[in-house]
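> Below is the sequence, then the predicted model.
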Amino acid sequence: MLIRKRLLIGMALSLSFLIVPVVFAGGWAVVVVDDLPVTAKTGEPLTIGFTVLQHGRTPASGLTPTITFTLPKEEQFTVNAEGTDKAGHYSAIVAFPREGEWNWSINAYSFPQAMPVISVAAGAATATVQPVEAKAFPSPSLLRVAAFAIGLVGLILLFRTKNRIAMAFTTVCLMVGFATFIPGVTVPKAEAQNDLPVKAADESFISQVELGRRLFIAKGCITCHVNSKAATSGYVTIDMGAPNLSTFSASPKTLFLRLKNPTSVKSDTQMPDLKLSEAEIEALIAFINSN
Ligand code: HEC
């Protein structure tokens, strides 16, 4: 009898341990990244700033957040974030050891908040095949002028001295000069650029909708709102009564107001003012209204 009772208590206890992580003992926070880094370069330190809002509203200072970066199946490293002058705001500097699609998460309060991937390309310091900048080449017209000028000098020399070297010089330069005028023959302007991996390019390579999707995660929307378009797994969404936005859409005007100044739409709203920039709001609207 006694043994049974103990067994039941034991079972209840272990069950409660299972439940605790889901409820987070009543404490949870939204992590809002300042400027979402989409790309980075090895050897170029990247500063990541973020605000921790307890229950989505109260800035939480005095924490010791860590950021963990993972290259799938390869390696992982963690950096510590330091508090800044602003309440609930932290910042960390990260230097990526190698190229790749780095996953990362910020662990500030109760649970790590997964973030959208950062594409890291080779920076100047570690580049093995750093393509030469297009500007480093003289432009085609400059080449033509130079070729003609040298050719002309050669011609004069040729005339005066009947020198063989001058003859060769002239022929080569005039040929190069002429060749650039023939359609289809172009001076190799910046061939190397074609070999650049797309990932090394700037943020304009991701669409407005994709940027909005990433912001939905990095600005902490996903902590309160379920949205199957943003991600279906890997993120923690608190059941705090915020509507599921998977199929939600609204006029850009309403959405703009809602995100710029939530209380202007509903005075007692639980939706926090996340201090989004207009560009961020535009991307979020494009994402929310996409199908
Ligand atoms: C702390 C939790 C929380 C966070 C973080 C949050 N929201 Fe909300 N949001 C809510 C709640 C709660 C509502 C429900 C209505 C209300 O209280 O005003 C809401 C309402 C909305 C609505 C209106 C839905 C409707 O049915 O009219 C949109 C759109 C929205 N949120 C988008 C976002 C976006 C985009 C972000 C991130 C930039 C975000 N929310 C971040 C809690 C949150």
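Perfect, thanks for sending it. Numbering: from 1, shown residues only.

> Now do the contacts for the closest residue to the ligand within the stretch 1-150 of the chain.
Residue of the stretch 1-150 of the chain nearest the ligand, by C-beta to the nearest ligand atom: residue 56 (2.2 Å). Placement of C-beta: from N, CA and C, glycine included. Contacts for residue 56 (C-beta atoms under 8 Å, 6 or more residues apart in numbering) come out as 29, 30, 220, 223, 224, 240, 270, 272.

> Wait, a strand at residue 264?
No - Residue 264 is assigned helix when assessed by DSSP: H, G, I helix; E, B strand; the rest coil, not a strand.

> What's the per-residue pLDDT of it here?
You'll see residue 264 listed with a pLDDT of 87.

> cool, and residue 97?
Predicted confidence (pLDDT) for residue 97: 94.

> so residue 160 is in which element?
Secondary structure assigned from DSSP states H and E places residue 160 in helix 140-161.

> how about the strands in this structure?
Ranges of strands within the chain are 29-33, 39-41, 46-54, 58-59, 66-71, 75-80, 82-83, 89-94, 100-109, 111-121, based on DSSP state E.

> Can you give me the distance of residue 91 to residue 224?
Per C-beta to C-beta, to the nearest Å, residue 91 is found 24 Å from residue 224.

> neighbour-wise, which of these two wins?
Using other C-beta atoms under 10 Å as the criterion, residue 91 and residue 224 rank with residue 224 on top: 21 against 15.

> need the contact list for the residue nearest to that one when sequence neighbours are not counted.
Nearest residue to residue 224 in three dimensions, chain neighbours excluded: residue 242, at 4.0 Å (C-beta to C-beta, 6 or more residues apart in numbering). Residue 242 is in contact with 224, 225, 270, 271, counting by C-beta under 8 Å, 6+ apart.

> same question, residue 227
Counted by C-beta under 8 Å, 6+ apart, residue 227 has contacts 216, 221, 244, 245, 246.

> now swap in residue 68 and tell me
76, 77, 78, 104, 105, 107, 112.

> change it to 6 Å
78, 105 (C-beta atoms under 6 Å, 6 or more residues apart in numbering).

> Could you report the neighbour count for residue 234?
Number of residues near residue 234 (other C-beta under 10 Å) recorded here: 10.

> Near the ligand, which residues of the stretch 1-150 of the chain are found?
By C-beta under 6 Å from any ligand atom, the residues of the stretch 1-150 of the chain that approach the ligand are 30, 56.

> where are the low-confidence patches of the stretch 1-150 of the chain?
For the stretch 1-150 of the chain, residues meeting the criterion pLDDT under 70 lie at 1-26, 125-150.

> The same query, at a cut-off of 50, please.
13-23, 126-139 (pLDDT under 50).

> coming back round to it: just say which of the strands of the chain is most tucked in.
Across these, the average number of neighbours (mean count of other C-beta atoms under 10 Å) peaks for strand 29-33, which reaches a mean of 24.

> who's in contact with that strand?
50-54, 56, 60, 106, 108-109, 113, 218-220, 223, 274.

> could you redo the last one with a cut-off of 7 Å?
Contact with strand 29-33 is made by 48, 50-54, 56, 60, 106, 108-110, 113, 115, 218-220, 223-224, 274, as judged by C-beta atoms under 7 Å, 6 or more residues apart in numbering.

> can you state the direction angle for it and strand 111-121?
Put simply, strand 29-33 runs at 20 degrees to strand 111-121, going by axes from the mean of the first three to the mean of the last three C-alpha atoms, to 10 degrees.

> What strands flank strand 29-33, and is each parallel or antiparallel?
Partner strands and pairing direction for strand 29-33 (DSSP bridges) are strand 46-54 (antiparallel).

> ok, the residue nearest to residue 111 when sequence neighbours are not counted to the ligand distance?
Computed as C-beta to C-beta, 6+ apart, the closest residue to residue 111 that is not its neighbour in sequence is residue 236, at 5.3 Å. From residue 236 over to the ligand the distance is 12 Å, taken as C-beta to the nearest ligand atom, to the nearest Å.

> gap between residue 236 and residue 80?
In terms of C-beta to C-beta, residue 236 sits 22 Å off from residue 80.

> what's the answer for residue 47, then?
Distance, residue 47 to residue 80, by C-beta to C-beta: 14 Å.

> How many neighbouring residues does residue 233 have?
Per other C-beta under 10 Å, the neighbour tally for residue 233 reads 5.

> From residue 59, how far off is it?
For residue 233, the distance to residue 59 equals 29 Å [C-beta to C-beta].

> Quickly note the distance from the residue lying closest to residue 263 once chain neighbours are set aside to residue 251.
In space, and not counting its chain neighbours, residue 263 is closest to residue 269: 5.8 Å by C-beta to C-beta, 6+ apart. According to C-beta to C-beta, residue 269 stands 18 Å off from residue 251.
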